[in-house]
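> return a 3D structure for these sequence lines:
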Amino acid sequence: MYRLEFMDQNAMRFQEAVGVLGSSAKAHKAFRRAINHTGGKAHTQVRRTLAKQMGLTQKRLRQLGALQTRRANYHALEYTITGSGKELSLKEFGAKQFKFGVRARPWGQTRRYPGAFIFAGNWRSGQPVAYGHVFKRRGGFSEKSGRNNAIEKMWGPSVPKELVRDASVKAFETTAKDLGPRIRHEMSRLTDGVIG
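From the prediction side, this is the model:
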């Protein structure tokens, strides 16, 4: 979970804003607007980066509804970006079956999964085992059929784990640096340019 918020290190800046603007209500308004503007930009950058990092399209990431935001309001000066859900099925990453097994693109990289399968029987059957999900044999022996029948669904990355790693963290931190200048901009707006 990311949190862009008014924290203790900004308390001095907030007190200065109260002094300059003449009231804590106006200072709160300036900070709230600045946090929501910067948070919105951060959300856009994180969403774009996260989709690429996971190997999804932005549209599919939005459809999954695994990325949520909560804007700053009159009670809390914070903007949060949270991720929810478990690992996504390998099916979500363009999985295709071949003679050797399955090829998919989780984490934005083409990977081969030898022995994995999507279709029942022959790899050319076109009959998915369960709605096109990718499976692998887990081992185990069935006395009844005399064959190995145990299968296990295969998974890719999850939104919560990827949200706090690598490029998505950098995207958030880079955009969050704009908060200070945006606070000054909002203070200027509230004073018709007197403060700038």
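> how's the protein carved up into domains?
Domain ranges of the chain: 2-87+158-190, 90-153, per automatic domain parsing.
> ok now the first one, how far from the chain's centre?
For domain 2-87+158-190, the distance from its own C-alpha centre to the chain's C-alpha centre is 13 Å (Cα atoms, centre = their mean, to the nearest Å).
> just the shortest one next, same as before
In terms of Cα atoms, centre = their mean, the centre of domain 90-153 is set 27 Å apart from its chain centre.
> so what does the longest strand along the chain touch, helix or strand wise?
Counting by DSSP state E, the longest strand found in the chain is strand 78-83. The contact analysis (3 or more Cβ pairs under 8 Å, 6 or more residues apart in numbering; DSSP states H and E) places strand 78-83 against strand 2-5, helix 24-54, strand 67-70, helix 159-163. To be clear about C-beta, it is placed using only N, CA and C from the backbone, and glycine gets the same treatment.
> want to throw the domains of the chain into a markdown table with mean pLDDT and mean neighbour count?
Output for these, formatted as a markdown table (pLDDT from 0 to 100; neighbours: other Cβ atoms under 10 Å):
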| stretch | mean pLDDT | mean neighbour count |
| --- | --- | --- |
| domain 2-87+158-190 | 85 | 17 |
| domain 90-153 | 84 | 14 |
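> one step back: of the helices and strands packed on strand 78-83, which is nearest I81?
Among those, the nearest to I81 by Cβ to Cβ is strand 2-5 (4.3 Å).
> coming back round to it: please save the CA atoms from the longest strand of the chain in PDB.
The C-alpha coordinates for strand 78-83 follow below in PDB (Å, rounded to 0.1, in the frame of the first residue of the first chain):
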ATOM      1  CA  GLU A  78      -3.800  11.500   2.900                       C
ATOM      2  CA  TYR A  79      -4.100   9.900  -0.500                       C
ATOM      3  CA  THR A  80      -3.800   6.100  -0.400                       C
ATOM      4  CA  ILE A  81      -3.300   3.700  -3.300                       C
ATOM      5  CA  THR A  82      -3.900   0.100  -2.300                       C
ATOM      6  CA  GLY A  83      -3.800  -3.200  -4.100                       C
END
